[in-house]
Structure formats: C-alpha cells, structure tokens
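Engineer: Got a predicted structure plus its sequence, pasted below:
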Amino acid sequence: MSKPTAIVLLSGGLDSTTCLAIAQGDGFEVIALSFRYGQRHTNELECAAVIANAASVEHLIVDIDLAAFGGSALVDDSIEIPKHESVDELTADSVPVTYVPARNTIFLSFATAVAETRGSHDVFIGVNAVDYSGYPDCRPEFIEAFEAMANLATREAVEGGRLRIRTPLIDLTKAQIILRGLELGVDYSVTLSCYDPTDDGGSCGHCDACLLRARGFADAGISDPTRYSTKP
C-alpha cells in the first residue's frame, strides 16, 4: 500500500528539517518545497538541497521575488540585520525588521497548489509560537485561518477532500525541537538558521535566529554543531 504524500516547507534551517523528519516518521512520502525569494541568506538553499538529498525526498525550489517589495531586512540590503550580544535582548513586543511581509501566507499558498496537483492532503510547516521572534504569521490563529481559507478555495476541498496544515513544532521550545529531531536522527550540522551568514557559510552568531538556536542547544544540554564565525 502506497504512503500518503505530504508537502514539507523546507528552508534548510533547524525547524523545517525537524518537520521533514517528523513527516517521514509519521509515514508520509515527502515532497520538500523550498523558495528562492530574494533572501540575503541564500546559503540556506544549499543546505536544503543537502538535507532533501540525505532524506531521499523529491525537492522543488520555486523562484519568487519578494525582494521586489522590500520591507524586510532579509530581502533589502539597505535594512540592517539586527545583532545582539545575548538572547535576553530579544523581545516579541513588536514585529522585528526580519519579518518578511506575508511570507508564510505566500509559501503556504504555493504549498497548497503543489498539494492539490500531487494529490496530497497534508502540508507541514515548522512555525513555532514559543521562540518565534514575534512574527505574526507563526501564530496558531494564522494557521487555523489559512487552513480554513484553503479548504474553501480549492477544487479538492469542494469535491470532498480536505487539506490539513500540520504544525508539529508550534508549541515546542527550541530545546524540545532539537531533542525531537535527534530522536529521529536529524543531523543539525548541515542546517543553517542564520540571517546573515558569512561568504563561506558560517553563522554570524548574533542575529535573532543564531541566538535562539544557540540557546536551544544549550537548554537541551547538547553540543551545538553549528559553525559560527563569532560564537554567540
């Protein structure tokens, strides 16, 4: 009996790689979906390709140009990537400049289209409402609203099918995510979470993503395999 197919959004980072492993562990045949969207940290796509190959899954890379709109430090070179000395300096009181306007809405829309054309009823995304840096499109209410919309807007749903947006990491701390991934055999040394990596792919150690990642490994009591240009 063939496995059901799941679309997994794969950035090449820690969370999405864990999501891929969870989807496979749950018995899905995975199609990994990545985006070249004008991001400054394109090194992550190289990591995504390595991860997909190691997992023996089909890997689609879609080109879209969110840099054409700007509005985020991740797609606009004129906006500086925030750097901090400690994770304690981070705050979720306001939406940070690393938020890319409507990114997860756009990514999930593409994933919905792939799911419908491939006969899949499941989309995995590694959003997290605990260590999420204040991004509005990582909250449970957003996911619930998008799933409801997708099930009104697709032929598959109209004809009796149902799309599920799966968020297995949404209530986990970064340490819990890491421990779950290690249980599933994830090699975190090949993942990249940095917003501002060096030319040779080393992580900066001081952006929000680096600091949250480093704290996750510390809280988990696991040696951090990340290659940092400056240790956080």
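Structural biologist: It's in. The structure presented is a predicted model; accordingly, all values stated were derived computationally and were not measured.
Engineer: So for the protein, the centremost residue is which one?
Structural biologist: By Cα atoms, centre = their mean, the chain has its centre lying nearest to S16, at 4.2 Å.
Engineer: Longest strand in this structure, please.
Structural biologist: Longest strand in the chain by number of residues, with DSSP state E as the criterion: strand 29-36.
Engineer: about what we covered before: and the gap between the residue nearest to the centre of the chain and D76?
Structural biologist: According to Cβ to Cβ, to the nearest Å, S16 stands 23 Å off from D76. From N, CA and C alone the C-beta is placed, and that goes for glycine too.
Engineer: Next: V95.
Structural biologist: Applying Cβ to Cβ, the value for V95 to D76 is 15 Å.
Engineer: and those two? which has more neighbours close in?
Structural biologist: For the pair V95 and D76, the greater number of neighbours falls to D76 (17 against 13), based on other Cβ atoms under 10 Å.
Engineer: and the nearest residue to the more buried one once chain neighbours are set aside, what pLDDT?
Structural biologist: Nearest-residue entry for D76: G70, 4.4 Å, with adjacent residues in sequence omitted and distances by Cβ to Cβ, 6 or more residues apart in numbering. Here, the pLDDT recorded for G70 equals 92.
Engineer: you'd agree G70 is in a strand?
Structural biologist: No - G70 sits outside any strand when classified using DSSP: H, G, I helix; E, B strand; the rest coil, being coil.
Engineer: burial count for it?
Structural biologist: The burial count for G70: 15, using other Cβ under 10 Å.
Engineer: Please apply the same query to H41.
Structural biologist: Other residues near H41 come to 23 when the count uses other Cβ under 10 Å.
Engineer: hang on, it in a strand?
Structural biologist: No - under three-state DSSP, H41 sits outside any strand and is assigned coil.
Engineer: so what's the residue nearest to T5 when sequence neighbours are not counted up against?
Structural biologist: Nearest residue to T5 in three dimensions, chain neighbours excluded: S120, at 4.2 Å (Cβ to Cβ, 6+ apart). S120 sits next to 4-7, 31, 114 when contact means Cβ atoms under 8 Å, 6 or more residues apart in numbering.
Engineer: Select from these every entry located in helices.
Structural biologist: Under the assignment DSSP state H, the contacts of S120 contribute V114 to helices.
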